[in-house]
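J.: Could you work out the structure for the sequence below:
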Amino acid sequence: MTTNLDPHLMPAQNTTKPTPATPTGEGVKAVALFESRKPRPWDELSEIDRAVLLESVRQRRKDQTHKQKIYSELFGMRINK
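T.: You can find the predicted model right below:
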């Protein structure tokens, strides 16, 4: 089964030139390479507060991993009965 494609829809076949911007700069958008972002609460913390926060996150993840391991072992024991 063959389909005939419309050559006017093919981008490589399109020979129309885009219209250039005017010399006054109309129609040209200024695009920043890097957009500025809003300051986050993390940015306003002191180094000590950041260290405390990171340590609390590490401890919480360690506890979650430990609990998950215990639950997995218990669930495995129940299945094997």
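
J.: longest helix in the protein, by residue count?
T.: Ranked by number of residues, the top helix in the chain under DSSP state H is helix 47-79.

J.: In terms of secondary structure, what does that one contact?
T.: For helix 47-79, there is no helix or strand it packs on, judged by 3 or more CB pairs under 8 Å, 6 or more residues apart in numbering; DSSP states H and E. For every residue, glycine as well, the C-beta is placed using N, CA and C.

J.: Show me which positions of it end up buried.
T.: Judged by neighbour count (16 or more other CB atoms under 10 Å), helix 47-79 contains no buried residues.

J.: send the alpha carbons of stretch 55-69 over as CSV?
T.: Output of stretch 55-69 as CSV, limited to C-alpha atoms (Å, rounded to 0.1, in the frame of the first residue of the first chain):
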residue,chain,number,x,y,z
GLU,A,55,21.6,15.0,58.9
SER,A,56,18.0,14.7,59.9
VAL,A,57,17.1,13.6,56.4
ARG,A,58,19.9,11.0,56.4
GLN,A,59,18.7,9.6,59.7
ARG,A,60,15.1,9.5,58.6
ARG,A,61,16.0,7.6,55.4
LYS,A,62,18.2,5.2,57.3
ASP,A,63,15.3,4.5,59.7
GLN,A,64,12.9,4.0,56.8
THR,A,65,15.4,1.6,55.2
HIS,A,66,15.7,-0.3,58.5
LYS,A,67,12.0,-0.5,59.0
GLN,A,68,11.5,-1.7,55.4
LYS,A,69,14.0,-4.4,55.9
